[in-house]
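Undergrad: whatever this is, show me its structure:
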Amino acid sequence: QGNVEKLKARLQALIEEALSNPSSFSGQSTASNFKPTSPCIMVKGFPRSWREQQVRLVFALFGGVGAVRFVVDSTGQRVAYVELKNRENMAKAVEQLHNTKVGDGELIEECV
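TA: Residues are numbered from 1 along each chain as shown. The predicted structure follows:
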């Protein structure tokens, strides 16, 4: 019975957090308060419908993705910070994906 009560309390805390701060629940934050803690690639211009899975698929050819973090920049545009599992592939990924078409003709405007 005690575990059920703990679970209910944790669920209620998560619901309250999501209601008071929707950006933390959606996995997005503003670019001004996000500071990468490890080397990563900044990606702009990908389709708005994309979630983590689509970003991971694009970067799979470069040794896989360690982490993806979405933020919203000062212009309201979504930005993805992508950490590759193999950091040696970062330059190659940037070179090959910068200003390229993906998905249904969407353009990755910036990959740096």
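Undergrad: only C-alpha atoms from now on, for both contacts and neighbour counts.
TA: Noted.
Undergrad: need the strands for the protein, in chain order.
TA: Per DSSP state E, the chain carries strands over the ranges 28-30, 41-44, 65-72, 78-84, 100-102, 106-108, 110-111.
Undergrad: residues near Leu61, how many?
TA: For Leu61, the number of neighbouring residues by other CA atoms under 10 Å comes to 11.
Undergrad: likewise for Leu57?
TA: Applying other CA under 10 Å, we find 12 other residues in the vicinity of Leu57.
Undergrad: next one: Arg87
TA: Arg87, neighbours per other CA under 10 Å, totals 18.
Undergrad: kindly report the same for Gln77.
TA: By the other CA under 10 Å criterion, the neighbourhood of Gln77 contains 14 residues.
Undergrad: next one: Val58
TA: Val58, neighbours per other CA under 10 Å, totals 15.
Undergrad: tell me who's in contact with the residue nearest to Phe70 when sequence neighbours are not counted.
TA: Take Phe70 and drop its neighbours on the chain: the residue closest to it by CA to CA, 6 or more residues apart in numbering is Ala80, 4.5 Å away. Under the criterion of CA atoms under 8 Å, 6 or more residues apart in numbering, the neighbours of Ala80 are Ile41, Met42, Val43, Lys44, Val68, Arg69, Phe70, Val71.
Undergrad: where in the chain is pLDDT low?
TA: Across the chain, the stretches falling below the confidence threshold (pLDDT under 70) are 1, 3-4, 6-8, 10-35, 37, 103-107, 110, 112.
Undergrad: can you map out the helices along it?
TA: 2-20, 22-26, 52-59, 90-97 (DSSP state H).
Undergrad: list the contacts of the third one.
TA: Defining contact as CA under 8 Å, 6+ apart, one finds that helix 52-59 is touched by Gly64, Val65, Val68, Leu84, Ala93.
Undergrad: let's see 7 Å
TA: Under the contact criterion CA atoms under 7 Å, 6 or more residues apart in numbering, helix 52-59 has outside partners Val65, Val68.
Undergrad: next, the angle from that helix to helix 90-97.
TA: 100 degrees (axes from the mean of the first three to the mean of the last three CA atoms, to 10 degrees).
Undergrad: which parts of stretch 46-54 are buried?
TA: Within stretch 46-54, the residues that count as buried by 16 or more other CA atoms under 10 Å are Phe46, Pro47.
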